[in-house]
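# I'll drop the sequence and a predicted model, then ask my questions.
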Amino acid sequence: MELGPPLERHTPDSMTGLSMGADSTGFAGSLELEMEHSPMNTQQLIDTAKALIAGDKGLLAMDESNPTCNKRFANLGIPQTVEARRAYRELIVTTPGLGECISGAILYDETIRQQKTDGTPFLKVLIDAGIIPGIKVDSGAKNLAGHFGEKVTEGLDGLRDRLAEYSQLGARFAKWRAVIVIDDDIPSRGCIEANAQALARYAALCQEAGLAPIVEPEVLMDGEHTLERCFEVTEEVLRTVFNQLYTQRVMLEGMILKPNMVLPGLTCPLQEPVDEVADATAKCLLRAVPAAVPGIAFLSGGQSAQLASARLNAMNARFRSRVPWALAFSFSRALQQPALEIWKGEEAHVSAAQQALYHRAKCNQAARRGDYNAAMESGRNSRLKSGE
Ligand code: 13P
């Protein structure tokens, strides 16, 4: 897909350390007039959003709900217990060097309250490693009444109180995921609008509580649909989400967008090369995402770990200097899956699993700079074979 004439050259703030926020633009006063946030909240939200996408780091999503985590454990024969989930999350947060590449970690309600075996809270371990703790606050995607095959994400009831508690515990940002399915006659407008409005109401409540919202409208990659169809649906979803964010008075400078990449469906016979995926994704985002948003942190959505890195890399290599936002990552499976498969619930495998997680974090850090290449993978595979 052609992207059209190059935009004016622009170095993203995250790469220069300069800020797009109120402090460098001189817009702070007028922002506060327009938006219903206290000046303190406004600056705090902007600072958190900027810190999450700063430099070449990205986010680690480790916020799988208990049912999702148990499903992944069951596939590998790992016991589905509170202790196994705690031990796995301890492995993740204590990975040596993780803070070099990871700016923020998204936790789940169970995990944010847990500790290492020695009693140190996970929150303290993360903060000591320079990683900002965040929290998933939606309560999952449920069937949408009157819309066969479609879902709406729930969790708004009581959210204000839960956000206050998470903020007190130490979270500085939050996440809410909406799920959009592509099939012959879906998604419907009803589904897109219901999810977009819930995302916007969640984001407004987060900003009121001083937590930077990660807004995640995920168009699923399951299905036979083409890349063009994913483009069309993703564009419509993002336009609707940003309309709702505007309607609900969400301050775009104090949030992060977490979208899907524009991809062909998993079972589509035509799987476009990495550069075409990068072009389509950049074109779609340029059409639908306002420049005031500081950063876009992609979900991985079930792509292989290597493909997710390669596609993120291509986007940065081709577009980093001419898009207004940082192009970062907020992966769960594409960061964690290789480590989980090595760990398999065995204490003896913890160190090897941590090395695999660190390796994926490094690969995605390189992809943020447009410096990732296949040799980074083969080097590691040969080291693993020789037992290093
Ligand atoms: P994946 O990267 O596995 O898609 O997970 C991202 C996420 O946080 C889902 O909400």
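Thanks, I have it.

# secondary structure element for the spatially most central residue of the chain, which one?
Residue closest to the mean C-alpha point of the chain, counted by Cα atoms, centre = their mean, is Ser330 at 3.0 Å. If you go by DSSP states H and E, Ser330 is part of strand 326-331.

# does the following helix or strand past that strand come close to the ligand?
Sequence-wise, the next helix or strand downstream of strand 326-331 (DSSP H and E) is helix 333-343. Yes. Using Cβ under 6 Å from any ligand atom, helix 333-343 reaches the ligand at Arg333, Ala334. To be clear about C-beta, it is placed using only N, CA and C from the backbone, and glycine gets the same treatment.

# check which residues of helix 333-343 are buried.
Within helix 333-343, the residues that qualify as buried by neighbour count (16 or more other Cβ atoms under 10 Å) are Arg333, Ala334, Leu335, Gln336, Gln337, Pro338, Ala339, Leu340, Ile342, Trp343.

# which one of those is nearest the ligand?
Arg333 (3.4 Å; Cβ to the nearest ligand atom).

# give me the pLDDT for the closest residue to the closest one other than its chain neighbours.
Spatial nearest neighbour of Arg333, chain neighbours left out: Ser300 (5.4 Å); criterion: Cβ to Cβ, 6 or more residues apart in numbering. For Ser300, the model assigns a pLDDT of 98.

# again with Ile182
pLDDT, read off for Ile182, is 98.

# repeat that for Tyr358.
98.

# what about it, distance to Gln80?
26 Å (Cβ to Cβ, to the nearest Å).

# more neighbours, these two?
Neighbour count, other Cβ atoms under 10 Å: between Tyr358 and Gln80, Tyr358 has more, with 19 against 14.

# all strands for this structure, in order.
Secondary structure of the chain, counting by DSSP state E: strands at 58-61, 102-107, 132-136, 141-143, 151-153, 173-180, 212-219, 256-257, 295-298, 326-331.

# for the first one, packing partners?
The contact analysis (3 or more Cβ pairs under 8 Å, 6 or more residues apart in numbering; DSSP states H and E) places strand 58-61 against strand 102-107, strand 326-331, helix 333-343, helix 350-369.

# with distance to Ala282 added, can I get the ones you listed in CSV?
Shown next, in CSV, are the helices and strands packed on strand 58-61 (distance: least, Cβ to Cβ, whole Å):
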stretch, distance to Ala282
strand 102-107, 22
strand 326-331, 8
helix 333-343, 19
helix 350-369, 14
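
# out of the ones you listed, which is closest to Gly58?
Closest approach to Gly58 among those (Cβ to Cβ): strand 326-331, 3.8 Å.

# so which residues on this structure come close to the ligand?
Proximity of the chain to the ligand, by Cβ under 6 Å from any ligand atom, involves residues Ala61, Arg177, Glu216, Leu299, Ser300, Gly301, Phe331, Ser332, Arg333, Ala334.

# and for the first one, the neighbour number?
Ala61 has 28 neighbours, counted by other Cβ under 10 Å.

# quick one, which of the helices and strands packed on strand 58-61 gets closest to Arg318.
strand 326-331 (10.0 Å).

# direction included, what does the closest one pair up with?
Using DSSP bridges, the strands paired with strand 326-331 are strand 58-61 (parallel), strand 295-298 (parallel).

# quick one: contacts of that strand?
Strand 326-331 is contacted by residues 12-15, 52-53, 57-61, 106, 214, 256, 258, 294-300, 308, 312, 315-316, 319-320, 335, 360, 364, 367-368 when judged by Cβ atoms under 8 Å, 6 or more residues apart in numbering.

# among the helices and strands packed on strand 58-61, which comes closest to Pro273?
helix 350-369 (16.1 Å).

# in that closest one, what's buried?
Those would be 350, 353-368, for helix 350-369 by 16+ other Cβ under 10 Å.

# how far is it from where the chain is centred?
16 Å (Cα atoms, centre = their mean, to the nearest Å).

# got the CA positions of it in CSV?
Output in CSV follows, covering the C-alpha atoms of helix 350-369 (Å, rounded to 0.1, in the frame of the first residue of the first chain):
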residue,chain,number,x,y,z
VAL,A,350,13.7,-20.0,36.0
SER,A,351,17.0,-18.5,34.9
ALA,A,352,16.7,-19.8,31.3
ALA,A,353,13.2,-18.5,31.1
GLN,A,354,14.3,-15.1,32.4
GLN,A,355,17.0,-15.0,29.7
ALA,A,356,14.4,-15.7,27.0
LEU,A,357,12.2,-12.9,28.4
TYR,A,358,15.1,-10.5,28.5
HIS,A,359,16.1,-11.5,24.9
ARG,A,360,12.6,-10.7,23.6
ALA,A,361,12.5,-7.4,25.5
LYS,A,362,15.9,-6.5,23.9
CYS,A,363,14.7,-7.5,20.4
ASN,A,364,11.6,-5.2,20.8
GLN,A,365,13.8,-2.4,22.2
ALA,A,366,15.9,-2.7,19.0
ALA,A,367,12.7,-2.7,16.9
ARG,A,368,11.8,0.6,18.4
ARG,A,369,14.9,2.0,17.0
